[in-house]
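Q: The sequence and its predicted three-dimensional model are supplied below.
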Amino acid sequence: MDVENIIYHGRIKVPYKWYVGETGSRFFIGLRDNKELWGNRCPKCDRVYVPPIKTCWECFVPTKEWVKLKDTGTVESFTVTHYSEGVAPKDVPIIYGLIKIDGADGSLLHFIGDVEPGDVSVGMRVKAVFAEERTGSILDIKHFVPSNE
Amino acid sequence: MEKAGIVGVGQTKYERKKDDTFAELVFEACTGALTDAGVGIEDIDNVITVSNDFWDGRTISSMAIQDAAGSYNKDVSTVEGDGVFGAMYGMMRTLSGSFDTTLVVAHVKGSEGNMNLITNAMFDPIYQRKLGIDATSSAALQARSYMEKTGATEEDFARVSVKNQGNGVNNPYAQIREKISVDDVMKSRKISEPLKLFDCSPITDGAAAIVISNEKGMKRFKKDPVWILGAAHFSDSYTLGYRDLTNSRALEAAAKKAYDMAGITNPLMELDVIELADAYSYMELLWYEGLGLTPKGKGADLIRSGATAMDGELPVNPSGGLLCAHPVLVAGLARIIEATLQIRGEAGDRQVKGANKALAHGINGPCGQAHGVFVLGS
């Protein structure tokens, strides 16, 4: 027998607050107050992390030394995303980049903006554009734009 | 050394928007596995359930399916991760000697939530989640990195979709059963470039269960077991950007350990069939390399050569893989089930003739952060 299948609609909404910790807070304060990117160096493998990390995941030792980084870098990878669930404060298409910040190892995930999607390429030089209003979050960087520096 | 084997398998048909509740799917998969094993729930000593709160839309989701998993009055434990790790845990519980038999069950109803939002929530809320990144856009970054590093092309990725969707036609459990061409993939809607619609696995509902037994427990079962010859599970770094996305070290480590246990030195020659986690087309090429089937950077050459096609020397994903049905969490267990059916010679139209040694693979976390590998044999 065919039975009408009833669907129940709901939504889970729970507010959270995540403590950023001393290491991450220092990074965000640098963005917010001075438009500066700070990373930290592992004493064992010499890798410079940005965002900074309290413990080198590879060497399993605490990082200690803070390193002031440039606000420029190179696009290691990118994608042009044609959908949005409204999480990102951007209109589609959204361009995400993995950006190797000068002086750091690994790469930073962020937006690439002010550029036609077709003009983005791996190896392209980019520079951070900081948000006008900065609150101490990853969105204090508005996006990275192509740069000739 | 004490051994463990798979003595029963059960899976629902994989579909989008299944009417049953997830508990009902769990019951269907568990009874299927028990029937296949020729035993009743009383022959099961302990139960492992695999679930995720975000997918189920409730907290402590594992507790919501205990009735359906027949776990009343039994020792239970739960896994939040891919089903391949549930199987690993279930195997360990029998090998510990504390239990002789384990029922492992995984479920998901992808159609009930929102894949993009749920996978967005797997990223760090402080540094990455606000950017809106999710499973698909992060995979696209990995795909691009892989192309840059190896010279693989979007057509190479399309070849994986064409092969696996072609195979899926032969799998009655698969959700997508439609042959496509490279041209179809290339012309499909852009999702997150370079990934297009047919490079991406679908949203799927379903459940799967297996029964694992140690040697002592085997007398309860009539069928010959499929033995677990090797099994391992490794993880890499979490934060996107910290690890090299084109170097699947965790898979290499997991495969090496599983091969060492199984006495395999040349996987391409010694394995008869592989079922792996092709959540996105390009992943299959990257996992070829991690599994040691081809030198690093040469994944595209392997798909082009036809070696992994149904009539090739080592068919990969005769079931159609995740590209034809991607029940998240269930996927790894489904790969183990497919590998088991192959070794039994019960894989129907998708049977690889004479398959005697099979590998099943599962992933967890963004861009294949963690990898589980099982080597099975008769």
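A: That came through fine. Numbering: from 1, shown residues only, chains lettered A, B, ... in the order given.
Q: Find the helix or strand that B:Gly86 is a member of.
A: For B:Gly86, the element it lies in under DSSP states H and E is helix B:83-95.
Q: angle of the following helix or strand past that helix against helix B:83-95?
A: Using DSSP H and E, the helix or strand that follows helix B:83-95 in sequence is strand B:101-109. Interaxial angle of strand B:101-109 relative to helix B:83-95 (axes from the mean of the first three to the mean of the last three C-alpha atoms, to 10 degrees): 160 degrees.
Q: What strands line up against strand B:101-109, and which way round?
A: strand B:46-50 (parallel), strand B:205-214 (antiparallel) (DSSP bridges).
Q: all strands in the stretch 151-300 of chain B, in order from the N-terminus.
A: B:190-193, B:195-196, B:205-214, B:226-235, B:273-275 (DSSP state E, counting those that start in this stretch).
Q: one step back: okay, the strands paired with strand B:101-109, which one's buried deepest?
A: Sort those by mean neighbour count, taking mean count of other C-beta atoms under 10 Å in any protein chain shown, and strand B:205-214 sits at the top with a mean of 31. Using the backbone N, CA and C atoms, a C-beta is placed for each residue, glycine as well.
Q: next one: that strand to chain centre, how far?
A: Distance of strand B:205-214 from the chain centroid (C-alpha atoms, centre = their mean, to the nearest Å) equals 12 Å.
Q: State the mean pLDDT of that strand.
A: Here strand B:205-214 scores 98 as its mean pLDDT.
Q: That strand versus strand B:226-235: what angle between them?
A: Using the same axes, to 10 degrees: strand B:205-214 against strand B:226-235 is 110 degrees.
Q: Could I get the contacting residues of A:Leu109?
A: Applying C-beta atoms under 8 Å, 6 or more residues apart in numbering or on different chains to A:Leu109 gives the contacts A:96-99, B:127-128, B:131, B:133, B:141, B:240-241.
Q: For residue 28, what are phi and psi?
A: With no chain named, the answer covers chain A. The phi and psi torsions at A:Phe28 (degrees, to the nearest 10) take the values phi -70, psi -30.
Q: wrong one, I was asking about chain B
A: Torsion angles, degrees, to the nearest 10, at B:Glu28: phi -60, psi -40.
Q: quick one: contacts for the closest residue to it other than its chain neighbours?
A: Spatial nearest neighbour of B:Glu28, excluding adjacent residues (C-beta to C-beta, 6 or more residues apart in numbering or on different chains): B:Thr12 at 5.2 Å. By C-beta under 8 Å, 6+ apart, B:Thr12 lies in contact with B:18, B:25, B:28-29, B:32, B:173, B:206-208.
Q: Tell me how far B:Thr12 lies from B:Gln165.
A: 20 Å (C-beta to C-beta, to the nearest Å).
Q: Report the two of the contacts of B:Thr12 separated the most.
A: B:Lys18 and B:Gly32 (14.7 Å; C-beta to C-beta).
Q: Give the residue from these two that has the larger number of neighbours.
A: B:Lys18 (23 against 19; other C-beta atoms under 10 Å in any protein chain shown).
Q: part of a strand, is the more buried one?
A: No: assignment of B:Lys18 by DSSP: H, G, I helix; E, B strand; the rest coil gives coil, placing it outside any strand.
Q: Next, the contact list for it, please.
A: Contacts of B:Lys18 (C-beta under 8 Å, 6+ apart): B:12, B:25, B:109, B:111, B:205-206.
Q: any chance you could map the helices in the chain?
A: Assuming you mean chain A. According to DSSP state H, chain A carries its helices in the segments A:21-34.
Q: my bad, chain B
A: Using DSSP H, the helices of chain B run over B:22-37, B:53-56, B:83-95, B:115-120, B:135-150, B:154-168, B:182-187, B:249-262, B:267-270, B:281-290, B:299-305, B:321-324, B:330-344.
Q: B:Asn167 versus the residue lying closest to B:Ser305 once chain neighbours are set aside, what's the distance?
A: Nearest residue to B:Ser305, sequence neighbours excluded (C-beta to C-beta, 6+ apart): B:Gly312, at 7.6 Å. Separation of B:Gly312 from B:Asn167 (C-beta to C-beta): 11 Å.
Q: What of A:Pro51?
A: For A:Pro51 relative to B:Asn167 (C-beta to C-beta), the value is 42 Å.
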